[in-house]
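Student: would you be able to build a 3D model of this:
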Amino acid sequence: MRRGSLKLCCVRLRIGTELGCIVKKVFKILQREFIKELELNTVCDLSTLAHFVPFICKMSHLHKIMLPTHASTCLQDPTHTPAKGSTTDRNKKYVHKIISLFSKLNCLKHATTDDVCFLNDHMKQLLRCLKTPLESLSISFCNISQSDLESFAQWGYYQLKHLYLRGVNLSDLNFMPLKVFLQSVADTLLTLELEDCRMKDPVLLPALSQCSLLTSINLYDNEISTSAPKDLLYHTANLTQLTKELYPAPKEIYNHFGYIRVETFSQCCTELKSKTLITVRQLRSICLGSNPCYGCGERYFYELETTL
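Tutor: Model (predicted):
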């Protein structure tokens with residue numbers, strides 16, 4: 001074998017190194033057209049991620065991509081006009097290059113971004129770049145704007161099966177575009193996770209009740225009142241395919257320090273079980289969970305089929 005002639009073929013590629021130079025070396029020795037799944041767990045800035053784009057573009061059969069870059073260089077206020085050649089000006093070029101990557105992936109079905117800064121105010125551009133209908137979209141720990149949320153409602157195709165938003169602060173945004181989007185994917189959506197999005201009560205009702213194929217829902221770590229779980233159970237009563245339902249515990253169960261009052265939690269869940277579930281629906285895999293404990297990070301759970 002000649003020196004430098006080694007080529008590797010793989011279907012699933014997962015890279016966890018923090019060194020961009022090593023990532024490039026890996027990309028160079030791979031037969032990139034065989035890769036169908038890419039998980040890039042690389043801590044880097046926008047410049048480094050942008051330099052990976054030409055290599056990823058060659059992955060012509062890529063079905064699944066995960067970009068948890070934890071990019072440390074973010075854009076400044078979009079109303080600010082940067083000086084020519086400034087850091088912000090260069091970052092915008094990097095963002096444009098990264099987003100343009102999605103226009104080259106003609107087989108993409110599953111997209112995941114985790115703790116990235118380049119999505120803010122750029123969701124519309126990203127969705128427009130997609131060449132094929134996504135089956136799953138997962139966004140975690142990213143800031144998104146009102147225009148980003150509106151881009152969901154303007155999305156041109158409605159075949160999404162799995163939507164995951166986790167750690168995405170929606171508290172100050174108008175939820176109407178998200179309601180419209182849920183209605184548009186009601187005939188295909190199987191999994192919905194809106195965990196730790198700081199939503200107030202079940203604001204997406206009754207759009208949620210139209211998702212007739214829904215099998216799993218997760219609304220943990222949202223701020224809801226005592227009446228909200230009852231409303232949720234009423235609106236999901238006709239969703240016969242549901243096998244997993246994770247709802248947040250009401251805010252009234254916490255003391256003024258934010259710690260859970262276990263007896264109050266237990267009493268609240270018992271009343272919900274006896275007064276709502278028995279009269280409205282059959283017992284299924286329904287679970288109420290508290291926010292993670294400040295000390296240990298664990299939750300209190302109340303499974304309505306069992307006990308605390």
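Student: where does the prediction get shaky in the stretch 51-200 of the chain?
Tutor: 69-87, 156-157 (pLDDT under 70).
Student: just the strands in it please.
Tutor: Ranges of strands within the stretch 51-200 of the chain are 64-67, 110-114, 136-140, 162-166, 191-195, based on DSSP state E, counting those that start in this stretch.
Student: which one of the ones you listed lies nearest to residue 225?
Tutor: Evaluated with Cβ to Cβ, the strands of the stretch 51-200 of the chain place strand 191-195 nearest to residue 225, the distance being 16.9 Å. C-beta coordinates here come from the backbone N, C-alpha and C atoms, glycine included.
Student: of all the strands of the stretch 51-200 of the chain, which one is nearest residue 155?
Tutor: Each of the strands of the stretch 51-200 of the chain has some distance to residue 155 by Cβ to Cβ; the shortest is strand 136-140, at 9.6 Å.
Student: ok and the closest one relative to strand 191-195, angle-wise?
Tutor: Orientation note: strand 136-140 sits at an angle of 10 degrees relative to strand 191-195 (axes from the mean of the first three to the mean of the last three Cα atoms, to 10 degrees).
Student: next, the angle strand 162-166 makes with strand 136-140.
Tutor: 0 degrees.
Student: ok, residue 292 to residue 298 distance?
Tutor: 7 Å (Cβ to Cβ, to the nearest Å).
Student: the two: which is more packed in?
Tutor: When neighbours are counted by other Cβ atoms under 10 Å, residue 292 comes out ahead of the other of residue 292 and residue 298, with 14 against 9.
Student: give me the phi and psi for the more buried one.
Tutor: Per-residue torsions, residue 292: phi -60, psi 140 (degrees, to the nearest 10).
Student: can you pull the pLDDT of the closest residue to it other than its chain neighbours?
Tutor: The shortest distance from residue 292 to any residue other than its chain neighbours is 5.7 Å, reached at residue 299 (Cβ to Cβ, 6 or more residues apart in numbering). The predicted structure scores residue 299 at 90 on the pLDDT scale.
Student: now swap in residue 277 and tell me
Tutor: Turning to residue 277, the model gives it a pLDDT of 67.
Student: the residue nearest to residue 292 falls within a strand, correct?
Tutor: No: counting by DSSP: H, G, I helix; E, B strand; the rest coil, residue 299 is not part of a strand but coil.
Student: now do the contacts for it.
Tutor: If you count contacts by Cβ atoms under 8 Å, 6 or more residues apart in numbering, residue 299 has them with 220, 289-293.
Student: at 10 Å instead, please
Tutor: Taking Cβ atoms under 10 Å, 6 or more residues apart in numbering as the definition of contact, the neighbours of residue 299 are 220-221, 248-249, 260, 287-293.
Student: how about the residues you listed, which pair is most distant?
Tutor: Distance extremes for these: the farthest pair is 287 and 293 at 16.7 Å, using Cβ to Cβ.
Student: so which of these two has more stuff around it?
Tutor: The residue with more neighbours, out of residue 287 and residue 293 and counting by other Cβ under 10 Å, is residue 287; that gives 18 against 13.
Student: so what's residue 302 closest to, chain neighbours aside?
Tutor: Among residues not flanking residue 302 along the chain, residue 269 sits closest, at 4.0 Å (Cβ to Cβ, 6+ apart).
Student: the one you found and residue 210, how far apart?
Tutor: With the distance defined as Cβ to Cβ, residue 269 ends up 27 Å from residue 210.
Student: and those two? which has more neighbours close in?
Tutor: In this comparison of residue 269 against residue 210, neighbours counted by other Cβ under 10 Å, the higher total goes to residue 269 at 24 against 18.
Student: ok, the closest residue to residue 160 other than its chain neighbours to residue 212 distance?
Tutor: Nearest non-adjacent residue to residue 160, counting by Cβ to Cβ, 6+ apart: residue 185, 4.7 Å away. In this view, residue 185 and residue 212 are 11 Å apart by Cβ to Cβ.
Student: give me the common contacts of those two.
Tutor: Counting by Cβ under 10 Å, 6+ apart, residue 185 and residue 212 have no shared contacts at all.
Student: who has more neighbours, these two?
Tutor: Of the pair residue 185 and residue 212, residue 185 is the one with more neighbours under other Cβ under 10 Å, namely 22 against 12.
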